[in-house]
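In: predicted model follows, preceded by the sequence.
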Amino acid sequence: MAQETNGALRETVRDIHRYIGDNLYFSRPDLEIKGEKFNSALFLTLLTGLRQGKALIIGEPGLGKTTSAEYVCSLLYRVPLGTIWGSEVSGHPEQTEEKIIGRPDLGRLNQGEEVVVWSHFVLLPTKIVDEINRLPETKQSMILDGVDRGNWEYLNDSVINREYCLFATANYQDGGTNTIIAPLIDRFDIMVESKHPGPNLAFHIGMTGANGSGLRNEELERGLHRILNQRNSYEDRMDQAEELCNQFGEALTQSPGVQTLSRSDRETIRSQMDEIPFDVDANAFLRLVLSELSFCYHYGQRRFHEGCADGCHFTSYLCHAVRNCISNRFPKSARTLSQALAWFLGDEQVGLEHLRAILPFTLAHRIQWKEETLARREKESRQDPLPIYMAKEAVREMHRRYIEQAPQLKSALAAACRITDGDALEPAQGDHPIYWEIRRDLGEEVLDR
Amino acid sequence: MKNPFQDFRSVPYHKREIPLDRIVRAKEETLELLVQGYLQLVEEEVRDLVWLVEESKVEKAYNAAIKRIDGSLYDADDIDEFCALLDSSNKLPYLISGPAGIYISALVNRAQEDHIVLSPKDYERSFHFLGYKLPEGKTLVLQGDVGDFTGSGLFGGSLILEGSAGNWCGAGMMKGEIRVTHNTGQNTGEWMRGGEIHVDGTIQSVGTKFYGNTGYRVLFGGKIYQKGKLLVPRALVKEG
């Protein structure tokens, strides 16, 4: 029965993916996993939305960054497109907390009551920040907590979203853009590029248009607007909104004839995804990746402000090429999205192939490369923006290293397990940082090199 | 604390071993065996940490050392490693130059190789009794200066010292040859019964104790050469 449910829900998600790809977001496939081809921007934002994740979509202006996010949000969460448009936050220098998060109810304030009027952006589970890098760095801090945990605060009130996902778009650097601050960018699970679809699809877009009018429903949009503007509790409003969302789902089934997911469907999917285990290889490989991106023999760990020590032995590993230490949000992103991918493909375990496909997009925005590393590679022939290309190359290198020593590494981890349990074994030794980290975990001070 | 490796509990553990690991382990085991033998010798022979040079005591220590290493498989490199360990390690609390040299000599004499080279110049400490009872067919090359009683009791082997020896070099040697490229100390060839000692440098003094009771006072049963010239025996003296 569970498998049937799983299969039906998976078919629904595949339907949504297919519908957007065929009708709304025309794109070339640029990702192949287990023989299936996908467009990374569409496919990974869909998985991110399902997982209640956060995606940063980069690209040239007018290449569908925002619209793809809108379509995914609308179909995954049964929110009419007009409502989504009304809740979007645009990044610009004059943006304020009152416009993004909430404001005092001035009428009630005159009566001496402090009541917050929450923005639709805060209330709705689907959140889109357009051109996030046009927000000045100081204002980016305003949305840190909300982006991270769905926890929004204003005055003495707060809203904790019961369900949410967030998509932010960013243009490439120009005169009006700012750097996305490190703590904010680290909160995004993935970064993808919305690429030009090529002249032939672009011609088709120009001739026929893909405006998503099938996702509009003005009556329900008005109803949702009324509900969101009420002054009752967040929970009550969400319960009422859910009823309208379900009506929108039924309408979508009629026309344009696409199946969508209820909130309980989404919860079921998430719990099914959470139950998908990592196989031993995926587990060991992720540990190896983490070790290369956090290890420093000389200074204990990577730190942004510290370089590499002269004469360091570990120059052939990524720790030598990066400036920062990978955060603990990264393995969570890698896990949740790999599980989502395995679920989508109907696999019972997360394996190396799933992880290898997901990792570049979870790493691209999180790795800060050293200048010399960037300079060496930026002119190489490639199909991706430099950060994603560099991340793909890094994952390819680490995967090669893993394959070369997979049996030894798994055995080393097995030995470490037994040693931690109290067995009198010698920790395995090897050249890769992961072996040194294992020894550190076993309480050995690795200073004898 | 959570075991961060528990996902690998069911993964079989195979100790990865490369040929070098096996070689290193075998070497370590051999060295450990030699060290244990030495420690037992020291425990048995010099409990009071005072070691006096008496012929019977030396003989007894040597026999005990031979007994300790009997059946052990080792080679010249192991002896060299052992010497280095004796010289530098804190693992060996009783480095007493006499027994240490006797033990090393026993190792040399029982080694598989016929030609062994040791480098005392690499050691900070000075070993005595090196080349003790070196048997026929064995050649021991010592590179660097050595302590007293070098080549004592030599038993037909060839001892080449590329450096200087202390006192009593070749004392009581039976047969064989000692060649010293530099100098020897006092009492060179004391109680010498046979064989030859060749010294290219200076000899502080030759031994005065005689051996034998043939009616003549035979100072040396062997011969001592200095810079190619026969130094002793020069004369046969009627006992009297």
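Out: Received, thanks. Since the model is a prediction, treat every value here as computed from it, not as a measurement.

In: can you give me the helices for chain B?
Out: Assigned helices in chain B, in chain order: B:19-45, B:55-69, B:76-88, B:97-110 (criterion: DSSP state H).

In: from these, which stretch is densest packed?
Out: Each of the helices of chain B was scored by mean neighbour count; the highest is helix B:97-110, a mean of 25, by mean count of other C-beta atoms under 10 Å in any protein chain shown. For the C-beta atoms, the positions are set from N, CA and C on the backbone; glycine is no exception.

In: quick one: list the elements packing against that one.
Out: Judged by 3 or more C-beta pairs under 8 Å, 6 or more residues apart in numbering or on different chains; DSSP states H and E, the packing partners of helix B:97-110 are helix B:19-45, helix B:55-69, helix B:76-88, strand B:115-118.

In: adding mean pLDDT, write those out as a markdown table.
Out: A markdown table is the format used below for these (pLDDT from 0 to 100):
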| stretch | mean pLDDT |
| --- | --- |
| helix B:19-45 | 81 |
| helix B:55-69 | 82 |
| helix B:76-88 | 86 |
| strand B:115-118 | 94 |
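
In: now for the ones you listed, which one comes closest to chain A?
Out: helix B:19-45 (9.6 Å; C-beta to the nearest C-beta).

In: hang on, the earlier thing: distance to A:Thr373 added to the helices of chain B, as TSV?
Out: TSV is the format used below for the helices of chain B (distance: least, C-beta to C-beta, whole Å):
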stretch	distance to A:Thr373
helix B:19-45	34
helix B:55-69	58
helix B:76-88	44
helix B:97-110	55
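
In: quick one: closest of the helices and strands packed on helix B:97-110 to A:Cys308.
Out: helix B:19-45 (28.7 Å; C-beta to C-beta).

In: how far off centre is stretch B:178-194?
Out: Offset of stretch B:178-194 from its chain centre (C-alpha atoms, centre = their mean, to the nearest Å): 15 Å.

In: any idea how far apart the tips of that stretch sit?
Out: 11 Å (C-alpha to C-alpha, to the nearest Å).

In: report the mean confidence score over that stretch.
Out: If you average the pLDDT over stretch B:178-194, you get 92.

In: quick one: the helices in the stretch 1-150 of chain A?
Out: Listed in chain order, the helices of the stretch 1-150 of chain A (DSSP state H, counting those that start in this stretch) span A:2-19, A:40-50, A:65-77, A:81-87, A:97-100, A:106-110, A:120-123, A:137-140, A:144-149.

In: thinking again about what came up before, could you redo the helices and strands packed on helix B:97-110 as CSV and give each row distance to A:Arg237?
Out: Formatted as CSV, these follow (distance: least, C-beta to C-beta, whole Å):
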stretch, distance to A:Arg237
helix B:19-45, 67
helix B:55-69, 89
helix B:76-88, 79
strand B:115-118, 90
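
In: could I get those as JSON lines with distance to chain A?
Out: Formatted as JSON lines, those follow (distance: least, C-beta to the nearest C-beta, whole Å):
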{"stretch": "helix B:19-45", "distance to chain A": "10"}
{"stretch": "helix B:55-69", "distance to chain A": "29"}
{"stretch": "helix B:76-88", "distance to chain A": "17"}
{"stretch": "strand B:115-118", "distance to chain A": "29"}
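
In: those: which one's closest to A:Ile180?
Out: Closest among the helices and strands packed on helix B:97-110, using C-beta to C-beta: helix B:19-45, at 49.2 Å.

In: helices or strands up against that closest one?
Out: Here helix B:19-45 touches helix B:55-69, helix B:76-88, helix B:97-110, going by 3+ C-beta pairs under 8 Å, 6+ apart.

In: burial count for A:Glu113?
Out: By other C-beta atoms under 10 Å in any protein chain shown, 10 other residues sit near A:Glu113.

In: distance check, it against chain B.
Out: Separation of A:Glu113 from chain B (C-beta to the nearest C-beta, to the nearest Å) stands at 48 Å.

In: show me the contacts for that residue.
Out: Going by C-beta atoms under 8 Å, 6 or more residues apart in numbering or on different chains, A:Glu113 touches A:Asp105.

In: in space, what's closest to the residue in the stretch 151-300 of chain A that chain B sits nearest to - neighbours in sequence excluded?
Out: As assessed by C-beta to the nearest C-beta, chain B sits closest to A:Asn283 within the stretch 151-300 of chain A, at 5.2 Å. Spatial nearest neighbour of A:Asn283, excluding adjacent residues (C-beta to C-beta, 6 or more residues apart in numbering or on different chains): B:Asp7 at 5.2 Å.

In: between the helices of the stretch 1-150 of chain A, which gets nearest to B:Arg25?
Out: helix A:40-50 (49.9 Å).

In: any stretches of chain A with poor pLDDT?
Out: Across chain A, the ranges flagged by pLDDT under 70 are A:1-5, A:209-211, A:445-449.

In: which residues of it fall in strands?
Out: Applying DSSP state E to chain A gives strands spanning A:31-33, A:36-38, A:54-58, A:89-90, A:102-104, A:116-118, A:126-130, A:151-154, A:157-160, A:165-170, A:190-193.

In: strand partners of the last one, parallel vs antiparallel please.
Out: With DSSP bridges as the test, strand A:190-193 is paired with strand A:54-58 (parallel).

In: tell me what angle the strand it pairs with forms with strand A:126-130.
Out: Angle of strand A:54-58 versus strand A:126-130, following axes from the mean of the first three to the mean of the last three C-alpha atoms, to 10 degrees, is 30 degrees.

In: list the contacts for the residue nearest to the spatial centre of chain A?
Out: Geometric centre of chain A, nearest residue: A:Asp189, 2.8 Å, by C-alpha atoms, centre = their mean. Under the criterion of C-beta under 8 Å, 6+ apart, the contact list for A:Asp189 reads A:48, A:51, A:53-55, A:329, A:332-333, A:336-337, A:362.

In: tell me how far it lies from A:Lys392.
Out: Counting by C-beta to C-beta, to the nearest Å, the separation of A:Asp189 from A:Lys392 is 17 Å.

In: how about B:Tyr225?
Out: As judged by C-beta to C-beta, B:Tyr225 and A:Lys392 stand 80 Å apart.

In: the more surrounded of those two?
Out: A:Lys392 (19 against 16).

In: residue 184: how many residues sit nearby?
Out: Picking chain A for this. By other C-beta under 10 Å, neighbour count at A:Leu184 equals 22.

In: not what I meant, chain B
Out: Other residues within reach of B:Thr184, judged by other C-beta under 10 Å, total 29.

In: now do the helices in the stretch 301-449 of chain A.
Out: With helices called from DSSP H, counting those that start in this stretch, the stretch 301-449 of chain A shows them at A:329-345, A:352-363, A:371-377, A:386-420, A:433-441.

In: let's have those in CSV, adding distance to A:Pro136.
Out: Output for these, formatted as CSV (distance: least, C-beta to C-beta, whole Å):
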stretch, distance to A:Pro136
helix A:329-345, 23
helix A:352-363, 27
helix A:371-377, 25
helix A:386-420, 22
helix A:433-441, 38
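
In: and of these, who's closest to chain B?
Out: Of all the helices of the stretch 301-449 of chain A, helix A:386-420 sits nearest to chain B, with 3.7 Å by C-beta to the nearest C-beta.

In: what angle sits between the closest one and helix A:352-363?
Out: 120 degrees.

In: so which bits of helix A:386-420 are buried?
Out: The neighbour-count check on helix A:386-420 (16 or more other C-beta atoms under 10 Å in any protein chain shown) flags A:387-392, A:394-395, A:398-399, A:401-402, A:405-406, A:408-420 as buried.

In: and it, what does it pack onto?
Out: Where contact means 3+ C-beta pairs under 8 Å, 6+ apart, helix A:386-420 is packed against strand A:190-193, helix A:280-294, helix A:352-363, helix A:371-377, helix A:433-441.

In: report the angle between the third one and helix A:280-294.
Out: Translated: helix A:352-363. In terms of direction (the same axes, to 10 degrees), helix A:352-363 departs from helix A:280-294 by 30 degrees.
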